[in-house]
Structure formats: C-alpha cells, structure tokens
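Undergrad: Mind folding the following:
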Amino acid sequence: MKRQVNILTTIDWLSVFLYIALVTFGWINIFAVNYSPEDITFFSLKHRYTMQFAWILVSFVMILIIFALDARLYSFMAYPAYGFGLLMLLAVLVFGSTINDSKSWIVIGPISLQPVEFAKTATILALAKFLSGFNVKISRRKDIIITIAILALPALLIMAQPDFGSTIVFGIVLLVLYREGLPGWILVLVISLATLFLLTLMLSQYTILIILGSLAVIAFSLINRRMIIFVTTLLLIGAIVLIFIILNHYGLLSLNKYQILVLTMILVAVISVILTMTIHIKGVYALLFSLMVAIVFTYSVDFVFHHIMKAHQRNRVNVMLGLESDPYGYEYNVRQSKIAIGSGGFSGKGFMQGTQTKFKFVPEQSTDFIFCTVGEEWGFVGSFGLILAYAGLLIRLIFFV
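TA: A predicted model of the protein is given here:
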C-alpha cells in the first residue's frame, strides 16, 4: 500500500513566513516610491507597483503548481531546461534589447523578459540533477570539472551581455557547493583571485610582485617547517639583490628597482629548482607554478579591466576603491543613495514621507536603489530589521532546510 505524505507537514513554515514578509515589505516600498495621490488609475499596469503586485500573484500561483507536481518531473526536466536556458542566453545576444548598457532583455510588447533569471533556476536544477547522480562525488576531480563547467557555460554567456552582477551570482553558488563537499581549496582560490584582482587595480605592479614573492617565501617555509630553509631563502634573496645593487653602482648594469625585483625572482626560482633536483625540498614546483599563475593573472587584469569591462563598470569599480571621484557624474547615483539613506536617521521619515526618493533625486529608486527608500522612510531600525530578516532566511535555508 502506497504511503500518503501530507506535504503541509514537510514545509518549513518559518522560512515561508520570512519569505512572505520580505516580499510584502519589498512591495510596500515600491508602492511608496511610485504612488501619487493625483493619479486615480491605481490598478493600471503602467504603474510599477501594480506590475509588481501582478508578478507576485503569478509567482504564488507558480509556487502552488510547483508543490503540486511530482518531484521526479524536475529531475526529468533538469537537463532540457538547462539546454533551453543556454539557448535563451544565446538568443538574447542576437535579438535582445540593450537597456542600461547591457544586452540582457527580450522585449515583447509591454512585457520585458530577462533570460538570465530563467537560466539561474535551470542551472541550479542541472547541478542538482548531476550531483544527485550515482557515484558522483563533488570532491573528485572529474566531478569538480563537470560541476564548474555547468556553472561556467551560462556565466560566460551572461558576461558577454555584459551583466557582471548576474555573473557574480553564479560564482556565489560555489559557497553552497562548498557546504555540499566541494574542496575548500577551490573556495580559497576564488577568493584569492578576487582579492588579487582588486589589489592589482589599487597597487603598482612592483608592490604586487613583492607581496606575491613574500607570500611564496612564507608558504615555502611553512611547508618545509625548517627555520634553516627560511633563513637560507632570505639570505639568498638578500645576496642577489645586493649583487645587482653593487653592479648598478659601478655602472656594470643599469637596472631600475622593478627590473631588479623580476630578475631576483627568476634567479631564486632557478636556484630552487636546481636544489630540488639534488636534495629533497618539498613544495617547490607547486609554489613556483602557483606564483607564475598569480603573476600572469595580475598582468591580465589590466586587459580585462580596460578592454572587456564597460566604461560605466570601470567607473563604478574605481569609485568603490576610492581611485576616482566624480560626484556629479558616474558617482552621482551612489552619492544620492547615501544621502537618501543617511537622511532617514534612526527611525526614518515615515511611510511615503521620503523626499529624496519620492522626488526622484535617487535614480532607479524602484529597482537597483530600492534600499534607499527603506533607509529614508524606515531609518536605521527598518534597515537593520530588513537585513536581519534576510540573514535569518539565508541561515534557515543553509543550516535547517
């Protein structure tokens, strides 16, 4: 006899409550920004809050349908949905409309569709299908490569739009996979490369090489765990640098500090390889390979930053890092958002009383900068409560669901 399972008893109602609360609060703020008492066409689809409310209703109907369907259907449709998602991402590159310097929308009459949103769900389904397969272990090299490939294919197509914000979302999936058994070194590698990318934009190449070389020496010493090796390495580096300085002083060479640094690193690497061939020293080849990859990566940053990223994206990064300032140009959006959030004070100005967002001093206040409305009308209390609710939902999904 087939056992009947009451689906209502398997639902995590706390997560459902947090989700509904966040959706409701989000719609309230969109309404606050766009509502005008002079406009009597409250239910017109020309209003953003009406459209948003319609999508919320459609989403809840879809949620009920999803719960009603057999779970095996999602496993069956995972790979076809993934393939369709990739086709949609290819289609938007050819037939899509460019909005805010990103060719990521398909416009059909009054309806605008962003295929990346479908691709996110399809990719997660495909990953779940693959990882739940027989004899699949995410800690194994072959399965790691397939997992990363499933994530990388849509991410690369999205980057071509370009939509770096959505691309980053696919990178965040690695955090979830780490919880499921993905080796920690992959997570460390991703974070290290992201950090190195930002440092390369902020610091000179000379400083970056010193940092990388120093980290390599420290790692080399920790791997071998012998003080004599650490001291010998430092003496070797010091001796080579001193020789170059002396040769420069007597006019036998004419090298600047950058050239001395590069030549020193090359000579130390060569000597390390020769010593490894004669005596047993651990970690030399792995460290040299890692150092070489890191150096090549730093040189590629300039190409990516100036030839792949769009001008507005470069400007945002430069402003974020404090490298440039243009308060009335490309920094205007962020500047106005800070003013709006700060004007809310501790308890806020009150519902629908925000002036910065209501009078459109903040651009895109219904979408990208909707948090400005929260900060201005609900203040620190409302902003902190919103962040707390988001954190609670995420923690609930990660550790309890």
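
Undergrad: State which helix of the protein is the longest.
TA: helix 370-399 (DSSP state H).

Undergrad: other SSEs contacting that helix?
TA: Counting contacts by 3 or more Cβ pairs under 8 Å, 6 or more residues apart in numbering; DSSP states H and E, helix 370-399 packs against helix 13-34, helix 332-343, helix 355-358. Any C-beta I mention is one placed from the backbone N, CA and C, and that applies to glycine too.

Undergrad: Give me the contact list for the last one.
TA: Helix 355-358 is contacted from outside by 32-33, 336, 339-340, 343, 349, 352, 361-362, 365, 369, 372-373, 376-377, using Cβ atoms under 8 Å, 6 or more residues apart in numbering.

Undergrad: and those, which are buried?
TA: With burial judged by 16 or more other Cβ atoms under 10 Å, the buried subset of those is 32-33, 336, 340, 343, 349, 361-362, 365, 369, 372-373, 376-377.

Undergrad: Now do the domain split for this structure, please.
TA: In terms of domains, the chain is parsed into 205-308, 329-385 (source: automatic domain parsing).

Undergrad: Can you tell me which of those is packed in deepest?
TA: Burial of these is given as mean neighbour count (mean count of other Cβ atoms under 10 Å); domain 329-385 ranks first at a mean of 18.

Undergrad: pLDDT averaged over that one, what's the number?
TA: Domain 329-385 comes out with an average pLDDT of 84.

Undergrad: ok so, going back, CSV for the buried ones among the contacts of helix 355-358, including distance to residue 64?
TA: Shown next, in CSV, are the buried ones among the contacts of helix 355-358 (distance: Cβ to Cβ, whole Å):
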residue, distance to residue 64
32, 29
33, 29
336, 40
340, 37
343, 41
349, 38
361, 40
362, 36
365, 32
369, 32
372, 33
373, 30
376, 35
377, 32
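
Undergrad: Adding distance to residue 51, write the helices and strands packed on helix 370-399 out as JSON lines.
TA: Listed next are the helices and strands packed on helix 370-399 as JSON lines, based on distance: least, Cβ to Cβ, whole Å:
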{"stretch": "helix 13-34", "distance to residue 51": "9"}
{"stretch": "helix 332-343", "distance to residue 51": "23"}
{"stretch": "helix 355-358", "distance to residue 51": "18"}
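
Undergrad: and residue 159, what does it touch?
TA: residue 167.

Undergrad: Helices of the stretch 1-150 of the chain, start to end?
TA: 13-34, 48-68, 71-95, 115-131, 141-159 (DSSP state H, counting those that start in this stretch).

Undergrad: Ok, which of those comes nearest residue 387?
TA: Nearest to residue 387 among these is helix 13-34 (10.8 Å), distances taken as Cβ to Cβ.

Undergrad: Measure how the closest one sits relative to helix 370-399, angle-wise.
TA: 170 degrees (axes from the mean of the first three to the mean of the last three Cα atoms, to 10 degrees).
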